[in-house]
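Peer 1: Pasting the sequence and the predicted coordinates here, then a few questions.
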Amino acid sequence: LGDTDRLVGAAMGIALLSEAGVVDEALVELLDQALEAVGPEPSAERASLLSAKAQELYWVDAQGISAPLAAEAVEIARQVGDPQALATALLRRYFIPIEPDSQKERLALADEMLKLGEACEDREMVVRSHAYKLREYLELGDIPAVDRELSTYARLAEELRMPQHIWHTFALRAMRAMIDGELEEAEELAGEARRRGERAEQPLATQYYGVQLILLRRFQGRTDELLPAVRELVEHYPAIPAWRTALITLEALGGHLEEGRLELERFVGEDFSAIPRDANWLPAMGLIGEAAVMLGDTGRAARLYEQLLPYDGLVIVPARAAAAQGSVARVLGLLARSLGRLDDAQRHLEGAVEMATRMGDRPFLAEARVQLAQVLLGQDRSANRSEALELLSEALSSAREIGARWIADMALELRLEAQGLAGVDITTSID
């Protein structure tokens, strides 16, 4: 019995150090040994080991392998009535449901985790639950709820002196600053989050920083600066294909169209099966959607539109709210426009403007206005032209104010074109 206890303890201790996006084969083997040692009878130990194995194999096959293990862990923990084992099992099941209407299920999981954490005085579980609830509210575009959860999460993390969560609060504040259009503040907070995360030995902090810097440099029109760093992330985290989709999008944004097409063809194929159905699926598909439009790949654009359409109405949120990458509606609008379906494009982009307005998301509001104006001008209707010019003026003013050079340049170039001044140097100002 003593040997079994030590084996289980060792396996669970190592599992706590598991790095997101990296499969530790030695840990999987150790967990299997521990599962064999505890035997098939329901127990808290078996539930905990199964949930740890589910977490590790999430990066191999989230739905086919990890999901059944996580479900079994939850069932056993409920059966034996162990609140700590149940809370941990629910935690490791949280990222498995990814269907368009899964927010209610994930919120229910986070709420139950919170109640169990409070019942068994597991302060770490209580703190983590608030971070998970925040993520769901962000995906729904509910910024007041996001702010309430962030306030609670940050207060508890500071009160309990938990460096493994304090770094995350800085990253979340960077996310909120980006939504508010405070790009310089967002970059400072993102850098502080990475430094604190490194000191707390949290490898995830590096990935968060990458996600946030990509979005910042996108707005600023400086994406080429990130290509070497993103290539490194692609190599280091092969189990997170979202990094490769980010690379493809950066290539397209930087005008490296041939490189982007080559990567797109080599990686996603025709059916996008290379993108696993895990929590990173929606961010990855959103990035590929934008890349397909920029690369002129209408064949893939049509298939992407159909796969993303059920997620219309949601915000694209990578990881545990590392960023708000705009609405699904905005990507659908871009895809529809590339397919020549201008009425659908207008409807989606009007939804994107509405979502960004409701969220107070200044960068993506400016970008969606430019993209909606592009559609309206393409419809060649006199009433639409007037509305488009107004949208472009609003977008240009806002983008300049927040320092989003890439969006400002797009708005100015399109406005000049609409006014019959195509070819004028966009670095000069017009009123």
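Peer 2: Now that the structure is in, tell me what you want to look at. Numbers count the residues shown, from 1 in each chain.

Peer 1: How about A110, nearest residue that isn't a chain neighbour?
Peer 2: Beyond its immediate neighbours in the sequence, the residue positioned closest to A110 (C-beta to C-beta, 6 or more residues apart in numbering) is Y132, lying 4.2 Å away. Placement of C-beta: from N, CA and C, glycine included.

Peer 1: so which strand or helix has the one you found?
Peer 2: Assigned by DSSP states H and E, Y132 falls within helix 123-139.

Peer 1: what comes up buried for that helix?
Peer 2: Under the neighbour-count criterion of 16 or more other C-beta atoms under 10 Å, helix 123-139 has 124-139 buried.

Peer 1: Would you list the phi and psi of S327?
Peer 2: In this entry, S327 is assigned phi and psi values of phi -90, psi 150 (degrees, to the nearest 10).

Peer 1: Am I right that it is in contact with M355?
Peer 2: Yes - the pair S327 and M355 qualifies as a contact (C-beta atoms under 8 Å) at a distance of 4.4 Å.

Peer 1: Phi first, then psi, for V315.
Peer 2: Comment: the main-chain dihedrals of V315 come out as phi -100, psi 140, following degrees, to the nearest 10.

Peer 1: what sits opposite it in the beta ladder?
Peer 2: On the basis of DSSP bridges, V315 is bridged to S327.

Peer 1: out of the buried residues of helix 123-139, who's nearest T223?
Peer 2: Relative to T223, the closest of those is L138; by C-beta to C-beta it sits at 23.4 Å.

Peer 1: Pretty sure the closest one sits against A321.
Peer 2: Yes - with contacts defined as C-beta under 8 Å, L138 counts as touching A321 at a distance of 5.0 Å.

Peer 1: Please enumerate the shared neighbours of the two.
Peer 2: Listed contacts common to L138 and A321 are 146, 175; contacts here mean C-beta atoms under 8 Å, 6 or more residues apart in numbering.

Peer 1: now the residue nearest the centre of the chain, what's its secondary structure?
Peer 2: Central residue check for the chain by C-alpha atoms, centre = their mean: the C-alpha nearest the mean position is that of P318, 1.0 Å away. For P318, the assignment made with DSSP: H, G, I helix; E, B strand; the rest coil gives coil.

Peer 1: any idea how far the closest residue to it other than its chain neighbours lies from L308?
Peer 2: The shortest distance from P318 to any residue other than its chain neighbours is 4.1 Å, reached at P283 (C-beta to C-beta, 6+ apart). P283 is 11 Å from L308, where distance means C-beta to C-beta, to the nearest Å.

Peer 1: How about R123?
Peer 2: Spatial separation of R123 from L308 under the definition C-beta to C-beta is 39 Å.

Peer 1: Same question for A323.
Peer 2: When A323 is compared with L308 (using C-beta to C-beta), they lie 18 Å apart.

Peer 1: At which residues are the helices of the stretch 151-300 of the chain located?
Peer 2: Under the criterion DSSP state H, counting those that start in this stretch, helices of the stretch 151-300 of the chain are mapped to 163-179, 183-199, 204-220, 227-236, 242-253, 257-268, 281-294, 298-308.

Peer 1: now those helices as TSV including mean neighbour count?
Peer 2: Below are the helices of the stretch 151-300 of the chain laid out as TSV (neighbours: other C-beta atoms under 10 Å):
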stretch	mean neighbour count
helix 163-179	23
helix 183-199	19
helix 204-220	22
helix 227-236	15
helix 242-253	26
helix 257-268	17
helix 281-294	24
helix 298-308	17
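
Peer 1: Mind checking those for the one nearest to A20?
Peer 2: helix 204-220 (5.4 Å).

Peer 1: between that closest one and helix 227-236, how many degrees?
Peer 2: Compare the direction of helix 204-220 with that of helix 227-236 by axes from the mean of the first three to the mean of the last three C-alpha atoms, to 10 degrees and you get 140 degrees.

Peer 1: What mean pLDDT does helix 204-220 get?
Peer 2: Across helix 204-220, pLDDT averages out at 96.

Peer 1: All further residue positions should be reported with the first residue as 542.
Peer 2: Happy to do that; since the first residue is 542 now, the last one works out to helix 745-761.

Peer 1: Which secondary structure elements does it sit against?
Peer 2: Contact partners of helix 745-761 among helices and strands, from 3 or more C-beta pairs under 8 Å, 6 or more residues apart in numbering; DSSP states H and E: helix 704-720, helix 724-740, helix 768-777, helix 783-794, helix 946-959.

Peer 1: Just the residues contacting the fourth one, thanks.
Peer 2: Spelled out, that is helix 783-794. Taking contacts as C-beta under 8 Å, 6+ apart, the residues outside helix 783-794 that touch it are 751, 755, 759, 764-765, 767-768, 771-772, 774-775, 778, 798, 800-801, 804-805, 808-809, 816, 821, 824-826, 828-829, 831-832, 835-836, 859, 947.
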